[in-house]
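>>> I'll drop the sequence and a predicted model, then ask my questions.
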Amino acid sequence: MISERLRELRTAAGMSQSQIAQMLELTQASIQRYEGNRAEAPYKVMLWYANYFDVSLDWIYGRCDKPQGQLYNYEPETFRKKLENEGEWKQFVKACFEPNSPLNAKLQEAIMNLSKGSDDK
């Protein structure tokens, strides 16, 4: 899978093995071995491919089918603990959506701040 993905990236960009090798300061034979699955590319080479072609290492390694990679939902430990205590969690959510609750105001502020941060990108 890895060798196929490396070859796919290079050929889609219309580049030769020699061009890639020159950019990586390697030999064309090294690139040929990586693409032919006769040698394993070092992590620095794999990272270069991911950065240069703007794809994820997950995709190169065949962990997913999307070049941008697999998106994971990170749940901090404290959040998981809140979910375990369902009664407390329900109270928190209810308080966030009560119009006169201080938590409601904080939630609204947090949401507005999130939307402002996304505009900066």
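Structure's in. What do you need?
>>> residue contacts, the residue most central in space within the chain?
Central residue of the chain (C-alpha atoms, centre = their mean): Gly69, 5.1 Å from the mean position. Contact analysis of Gly69 by C-beta atoms under 8 Å, 6 or more residues apart in numbering lists Val55, Ser56, Leu57, Asp58, Trp59. Bear in mind the C-beta positions are built from the backbone N, C-alpha and C, glycine included.
>>> closest to Leu47 among the residues you listed?
The nearest member of these to Leu47, counting by C-beta to C-beta, is Leu57 at 7.2 Å.
>>> I'd assumed Val45 was in contact with that closest one.
No: taking C-beta atoms under 8 Å as the definition, Leu57 is not a contact partner of Val45, at 11.4 Å.
>>> of the two, give the one with the bigger neighbour count.
Val45 (17 against 14; other C-beta atoms under 10 Å).
>>> so which elements touch the helix or strand in which Glu8 is found?
Secondary structure from DSSP states H and E places Glu8 in helix 2-12. In terms of contacts (3 or more C-beta pairs under 8 Å, 6 or more residues apart in numbering; DSSP states H and E), helix 2-12 is packed against helix 28-35, helix 43-53, helix 57-60.
>>> tell me how the chain divides into domains.
If you go by automatic domain parsing, the domain ranges for the chain are 2-60, 77-119.
>>> ok, and which of the ones you listed has the densest surroundings?
Stretch with highest mean neighbour count among the domains of the chain: domain 2-60 (a mean of 15; mean count of other C-beta atoms under 10 Å).
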